[in-house]
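Engineer: Need coordinates for the below:
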Amino acid sequence: MTGGVLLLAAGAARRFGSDKRLYAIDDGRPLLLASLDRYARAFGSVIVVLRSGDAAAAGVVAGYAGPGRVRVVHCPDAHLGMGHSLACGARQIPGHWAHVFIALADMAWVRPATLTLLRDAMAGAAADAVVQPQYQGQPGHPVGFGARHIPSLTTLQGDEGARGLIHDIGVTRIEVDDPGVLQDLDRPPQ
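Structural biologist: Below you'll find the predicted structure:
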């Protein structure tokens, strides 16, 4: 079954102090590029959600030369919160996708084996399924939603993202031995 990823990269990174999407991580790549590459290799299709007029991040995405299909969506109301960015991206999901994973661009350390596990779990799941990795009992990202939930994703608002939706519909949590499902980059490394 066909699906893909919404890679949310429209945040302002206020706690980071600069544009963390452009921050060079340990391998020298910008954080956004490392995340995009990881998800494109695992899922094949990625919709990257950016702020309107975000030329620097759009340039990073345009320079991506890895596998998969990558599309950029510019969200005019991203400044209103993650829910708005997620909804903006969800409205661009192709009708043939049987599921979508919501991923955060500042989480570039999820292991490829974990992404494969999640992708495969979602491929055989019902249209109303929701899957989420957890590490040592703590829920993480990315979260997969069956096609039945995509219309609900298109109506999200505020800064909570899909957390309320997950609470309302329930989720199947998959325990993984991967701290990357919890690891994000909110502040510059010391």
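
Engineer: Next secondary structure after the helix or strand in which residue 73 is found?
Structural biologist: Under the criterion of DSSP states H and E, residue 73 resides in strand 69-75. Sequence order places helix 82-90 as the next helix or strand after strand 69-75, per DSSP H and E.

Engineer: Just the residues contacting that following helix, thanks.
Structural biologist: Outside helix 82-90, the residues that touch it by CB atoms under 8 Å, 6 or more residues apart in numbering are 6, 8, 10-11, 47, 49, 73, 75-78, 100, 102, 150, 153-162. From N, CA and C alone the C-beta is placed, and that goes for glycine too.

Engineer: Among those, name the buried ones.
Structural biologist: Neighbour counting over the contacts of helix 82-90 (16 or more other CB atoms under 10 Å) leaves 6, 8, 10-11, 47, 49, 73, 75, 78, 100, 102, 150, 153, 156, 161-162 as the buried ones.

Engineer: pLDDT check: weakest of these?
Structural biologist: Looking at those, model confidence by pLDDT dips furthest at residue 161: 70.

Engineer: how close does it sit to residue 56?
Structural biologist: 23 Å (CB to CB, to the nearest Å).

Engineer: Residue 172 now?
Structural biologist: As judged by CB to CB, residue 172 and residue 56 stand 37 Å apart.

Engineer: End to end on stretch 73-80, go ahead and measure it.
Structural biologist: One end of stretch 73-80 to the other measures 16 Å (CA to CA, to the nearest Å).
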